[in-house]
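**Q** Got a sequence here, can you build the structure:
(one chain, ligands or ions: 1)
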Amino acid sequence: MKKYISFVALAFTLLFVLGRNVTLMPAQQKAAHAVAGTKLLPAFPDFGNMLPPSDYNGRTFKLSQDYPRVKPAMDPAVQKILQIDYTKNWKKYALAVRDYVFQGNIERGVTDSFYLEENPVRRWYHVPWQHYGPFGREGIHGLTKEGPEQPQTLAPTQTQEWQTYAVGFYNAPGGWMIGRVWADPNNPRPDIMQKEGFPIGTVVGKVLFTTAPPSQVPYLSAPIEWLAYTTKSFKPISNYPKDNPRSITTVRFIQMDIMVRDPRAAKTGGWVFGTFVYNGALAGQNTNPWYNTVPVGLQWGNDPGVTSHAGGNPAPTKTEINPDLKETVINTSDDLPPMHLGFGLRLNGPVDNTMSSCMSCHSTAEFPAVSALAPGFVFKPDGTPAFQPGSPGWMRWFRNVQCATPFDKEATSTDYSLQLAGSVQNFMSAKAAQVGGLYHVQYWKGKPVWMIYGERGATPSGTQ
Ligand code: HEC
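**A** Numbers count the residues shown, from 1 in each chain. Here you go, the predicted structure:
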């Protein structure tokens, strides 16, 4: 029912925008004339959650959806990255990717950062169909609602739950592949993805923001702040939007994620994941605040056999390292604020689940979503956890799944892209709401498939 409501809301917004074009002011008429001959509407909506135009006159998010039609050559900057040995020179690799993601996106001041259409250096692309439903993109920066951040997981001074909002984007080879999966906006083709996978040299960036204030999270001093159209609290979504209305609030940059399709990682899954945290204590050192972003570490495999440190470090006062891990590397320098990390101290960022890890969660990217994103999300009918941490069932989430290979053999892989898996799932939900029916792929062996959204949050003390 809630999905139906948001579809109707979207249709109204669309009507409203179209209706407005009838009474254009002279300057707008000129602008409209300049685009005459181009299509009025692109294939995919830009965002789904926003104030009506009568109540907001600021800048809005534009979905970068002009996907390349021809396979792009590898960017020379990426070629350089792929020559850095991430096992020996991990920090150099991480910073090179960070700066590649920053370049052209952060020079116009904080408010206008990451409006991809203004990047003068290179094109980046968004995944469509992230606008839909209660977790869908808001209209100022295109942020999706990611998950809750439970007390103490960000810092010992964090006393209450906050929320994460984020926006991700792909470089040209990734954009080309997204465009192929979505070449027909009415018939997405995840099978093309499974057949080919993302091209080598695909780079993905994602900037994550929190509603937490610096008074609760000391490393958010001198913050990078955006306005965003957010819900009041993370829950509830059951009566959305009635019980949890959205309004324009301030969110603060806390984490940046990267993924690189690197051929040298072929044996462990084909991707190198990395994450960074904002550290306001560095504010005096850098004129552009985005450079106060410190690497947490890299991960290129799940270390399948390792079950040590299963309790993790969910309320961190210092960063703990697990020496058994060979496919995760963590920053040990003083510029890293205390971090909790993931299961067995595998790589995860400050806003992430303490019992998962980057590659674990992303290895589940498939359509339909037959398995949950993390083992801790699965419960028996009596409400007790289905898997004990470190047990064989649990460790199914810590295999090294080959790229473009589904987590469950019955499903179709979206090659570690949870946004792409989510886009197809959202499309199915919208389509079902529109035609007032359901499709068999929305069930799996008699059970509904798993939700891909709103599940990214950190959890305290290993409970789910
Ligand atoms: C518990 C699950 C979970 C964990 C852990 C997790 N992610 Fe994600 N991630 C998601 C989901 C769901 C999405 C898609 C939703 C979105 O982006 O709004 C996503 C999206 C992304 C994207 C955008 C690309 C895409 O299409 O999937 C990147 C990049 C990314 N994550 C990197 C990371 C990194 C790096 C880490 C570890 C620091 C990490 N993720 C940990 C669930 C997770």
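**Q** Check the secondary structure at residue 425 for me.
**A** Residue 425 falls in the helix class when you classify it by DSSP: H, G, I helix; E, B strand; the rest coil.
**Q** Residue 267: neighbour count?
**A** Close neighbours of residue 267, defined as other C-beta atoms under 10 Å, add up to 11. To be clear about C-beta, it is placed using only N, CA and C from the backbone, and glycine gets the same treatment.
**Q** got a list of what it touches?
**A** If you count contacts by C-beta atoms under 8 Å, 6 or more residues apart in numbering, residue 267 has them with 301, 400.
**Q** Doesn't it belong to a strand?
**A** No: checked against three-state DSSP, residue 267 lies outside a strand; its state is helix.
**Q** Quick one: low-confidence residue ranges for the protein.
**A** Residue ranges of the chain with pLDDT under 70: 1-37, 236-238, 240, 458-464.
**Q** Show me which residues of it sit near the ligand.
**A** For the chain, the residues in contact with the ligand (C-beta under 6 Å from any ligand atom) are 127, 144, 146, 166, 168, 204, 206, 257, 259, 273-275, 347-349, 352-353, 356, 358, 361-362, 373-374, 417-420, 422, 452, 455-456.
**Q** which of those are buried?
**A** 127, 144, 146, 166, 168, 204, 206, 257, 259, 273-275, 347-349, 352-353, 356, 358, 361-362, 373-374, 417-420, 422, 452, 455-456 (16 or more other C-beta atoms under 10 Å).
**Q** before we move on, what SS does residue 260 have?
**A** Counting by three-state DSSP, the backbone at residue 260 sits in strand.
**Q** Distance check, it against residue 129.
**A** The gap separating residue 260 from residue 129 is 24 Å, by C-beta to C-beta, to the nearest Å.
**Q** before we move on, what SS does the residue in the stretch 101-250 of the chain that the ligand sits nearest to have?
**A** Taking C-beta to the nearest ligand atom, the ligand has its nearest neighbour within the stretch 101-250 of the chain at residue 168, 3.3 Å off. Reduced to three states with three-state DSSP, the structure at residue 168 is strand.
**Q** Does it have any beta-bridge partners, and if so which?
**A** Per DSSP bridges, the residues bridged to residue 168 are residue 206.
**Q** now, which of the buried ones among the residues of the chain next to the ligand lie within helices?
**A** 358, 361-362, 418-420, 422 (DSSP state H).
**Q** And the nearest residue to residue 282 once chain neighbours are set aside, its phi and psi?
**A** Spatial nearest neighbour of residue 282, excluding adjacent residues (C-beta to C-beta, 6 or more residues apart in numbering): residue 292 at 4.2 Å. Backbone torsions for residue 292, taken as degrees, to the nearest 10, come to phi -80, psi 20.
**Q** wait, isn't residue 292 in contact with residue 283?
**A** Yes: with contact defined as C-beta atoms under 8 Å, residue 292 counts as touching residue 283 (6.0 Å).
**Q** Nearest residue to the middle of the chain?
**A** residue 168 (5.3 Å; C-alpha atoms, centre = their mean).
**Q** And residue 383, how far from the ligand?
**A** Between residue 383 and the ligand the distance is 21 Å, computed by C-beta to the nearest ligand atom, to the nearest Å.
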